[in-house]
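1. Sequence and predicted structure are below.
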Amino acid sequence: MKQQDYDRFAAALDGDAGLSNAINSVAAPARSTVATGQFDAESLPRSRVVLTCGADLTPEPVQWLWPDWLALGKFHLLAGAPGQGKTTIAMGLAATVTLGGRWPDNTRCAAGNVLVWSGEDDYTDTLLPRLIAAGVDRKRVFFVDGTSVGDAVRPFDPATDTRTLQAAIEQIGSVSLIIIDPVSTAVAGDSHKNTEVRRGLQPLVDLATNINAALLGITHLSKGGQGPDPAQRVIGSIAFTAVARVVLVAARVQGNDGEDKRILARGKSNIGPDNGGFEYHLAQVEALPGIHASRIEWGSAVQGSARELLTDPADADDGTDHADAVGLLKAELTADCWTGANQATQALKDAGFSKKQIWTASKKLQVVRTKGGMNGGWYWRLPGGRDIAQPGEDSTMPEGSEDSPFQKPEPLESSEECSNIATAIDLCEVEL
């Protein structure tokens, strides 16, 4: 650019001092080349890497909204298959925040404001009734209606309106939870491409950090196909799971008693424990006269990884993992003698099989189980074979120790009775 051209261009921008100053700061040092009219490469600003010494940083603890579950300033995912109550769970969490109520683990929540945006559910006939059913303080919850451009209002777009949203949040103040449903709308490009998902989620990550709020994005969970870990079944790119610091998974599974139950589990956490969960029930209530809505009723805490808690035994009946577990367990047992339960299952534990997978394999083999006396441990054998004596009162094996995972009482039944698989399922309540 020639000097006279630049002068005319800068003069036209005098009304915008900030932009004019920015142009001057970049172009003023540049030296033009008479022959070509271009800037010398040596005169252009050079980039440099900024380094910070570890000694200049101060370690800080993670700040929790819900200890070990929702962290302030962090991005979270809540994933689940359709019909598992993901949005109802989110509304229940939101109501707890507005009330300063108690979380499912009975810890107290500091009261705060909540911001909700949904691209799937109506605010007036779906989300607000669910919040009311959960006991929300309506003065503390705010819904994103749209983005104003001059005198017009257009639909809110998480992919482009994050900065505007931050300005609105700062006006409200004390916002400690933001819910985006579905979070995939924050990605303007292909939600199955890693780089595009990371680029789309970064503004949300920055938003959570800047206002020090927990940001919860809701997404769908596929039925299966990408691996046994529920966190790997999040729809779209693996970047959704990678960027989130905590991934919560909601699913319905069949328990060993044959009854369906729903569980909210931690599928992943980079900043705290990544196991455990809570049972929950979806209840239909009358939120207001003539207005019905669903709400979450929390049950007891459950232990184990998300893979263990959310693996339906029926899902593994035809899988290769199940067949391998059956083969390993069969190799450890015989029909003619009793084997300590811990000893029989150790090879499967070492191979990485979950407790539920081992339990399913034992049912497939119709394993006969018995207790080795009043103080003895549990013993297993394959069905059939000769009639053998049960382990004596003085028999001792590791599975009867204090650290044994086989702790639930199991009725002492004869070999003939236990060889029937239906009876074994009903009577053998061993917790692996």
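-> Arrived safely, thanks for sending.
2. Could you pull up phi and psi at residue 266?
-> Main-chain dihedrals, residue 266, degrees, to the nearest 10: phi -80, psi 110.
3. and the gap between it and residue 236?
-> Using CB to CB, to the nearest Å, we find residue 266 at a distance of 20 Å from residue 236. For the C-beta atoms, the positions are set from N, CA and C on the backbone; glycine is no exception.
4. Check residue 358 too.
-> Residue 358 is 33 Å from residue 236, by CB to CB.
5. what's the burial count for the nearest residue to residue 198 once chain neighbours are set aside?
-> Excluding the flanking residues, the one nearest residue 198 by CB to CB, 6 or more residues apart in numbering is residue 239, at 4.9 Å. Residues lying near residue 239 (other CB atoms under 10 Å) number 21.
6. Now do the contacts for residue 239.
-> 194, 195, 197, 198, 201 (CB atoms under 8 Å, 6 or more residues apart in numbering).
7. which residues touch the last one?
-> Spelled out, that is residue 201. Contacts for residue 201 (CB under 8 Å, 6+ apart) come out as 75, 183, 186, 187, 239, 240, 243.
8. Strands along the stretch 101-250 of the chain, start to end?
-> Here the stretch 101-250 of the chain has its strands, by DSSP state E, counting those that start in this stretch, at 113-118, 141-143, 147-149, 152-154, 175-181, 214-220, 246-254.
9. Indicate which one of these is closest to residue 307.
-> Comparison of the strands of the stretch 101-250 of the chain against residue 307 by CB to CB identifies strand 246-254 as nearest, at 9.9 Å.
10. Next, the angle from the closest one to strand 214-220.
-> Angle, strand 246-254 to strand 214-220, by axes from the mean of the first three to the mean of the last three CA atoms, to 10 degrees: 40 degrees.
11. so how many other residues sit close to the nearest residue to residue 237 once chain neighbours are set aside?
-> Distances taken as CB to CB, 6+ apart place residue 197 nearest to residue 237, at 4.3 Å, with adjacent residues excluded. Burial of residue 197 is recorded as 24 neighbouring residues (other CB under 10 Å).
12. Mind checking which of the contacts of residue 201 land in helices?
-> Under the assignment DSSP state H, the contacts of residue 201 contribute 239, 240, 243 to helices.
13. which of these lies closest to residue 219?
-> Each of those was checked against residue 219 using CB to CB; the closest is residue 240, at 6.3 Å.
14. Which residue comes closest to that closest one once chain neighbours are left out?
-> Spatially, and ignoring its direct neighbours in sequence, residue 240 is nearest to residue 234 (5.2 Å; CB to CB, 6+ apart).
15. That neighbour: what's it in contact with?
-> Residues in contact with residue 234 (CB under 8 Å, 6+ apart) are 77, 79, 219, 220, 221, 222, 240, 241, 247.
16. now do 7 Å
-> With contact set as CB atoms under 7 Å, 6 or more residues apart in numbering, residue 234 has these partners: 77, 79, 219, 221, 240, 241.
17. which of these lies closest to residue 363?
-> The shortest gap between residue 363 and any of the contacts of residue 234 belongs to residue 221, at 26.5 Å (CB to CB).
18. In this structure the closest one contacts residue 78, no?
-> No. Counting by CB atoms under 7 Å, residue 221 does not reach residue 78; the two are 9.7 Å apart.
19. rewinding a little: what sits against the residue nearest to residue 237?
-> Neighbour list for residue 197: 187, 191, 236, 237, 239, 240 [criterion: CB under 7 Å, 6+ apart].
20. Among the contacts of residue 239, which lie within helices?
-> Per DSSP H, the subset of these in helices is 194, 195, 197, 198, 201.
21. And the spatially closest residue to the second one that is not a sequence neighbour, how far from residue 179?
-> By the measure of CB to CB, 6+ apart, the closest residue to residue 195 outside its immediate chain neighbours is residue 239, 8.0 Å from it. According to CB to CB, residue 239 and residue 179 sit 20 Å apart.
22. pLDDT score assigned to the residue nearest to residue 195?
-> With respect to pLDDT, residue 239 scores 89.
23. gap between it and residue 381?
-> Using CB to CB, residue 239 is found at 49 Å from residue 381.
24. Residue ranges of each domain in this structure, please.
-> Per the record, the chain has its domains at 3-56, 64-311, 314-427, by automatic domain parsing.
25. list the contacts for the nearest residue to residue 176 once chain neighbours are set aside?
-> Residue nearest to residue 176 in three dimensions, not counting chain neighbours: residue 112, with 3.2 Å by CB to CB, 6+ apart. Counting by CB under 7 Å, 6+ apart, residue 112 touches 97, 174, 175, 176, 177.
26. Return the residues in contact with residue 212.
-> So residue 212 contacts 72, 73 (CB under 7 Å, 6+ apart).
27. And the closest residue to residue 134 other than its chain neighbours, which helix or strand is it part of?
-> Nearest residue to residue 134, sequence neighbours excluded (CB to CB, 6+ apart): residue 95, at 3.6 Å. According to DSSP states H and E, residue 95 maps onto helix 86-99.
28. Cool, thanks, signing off.
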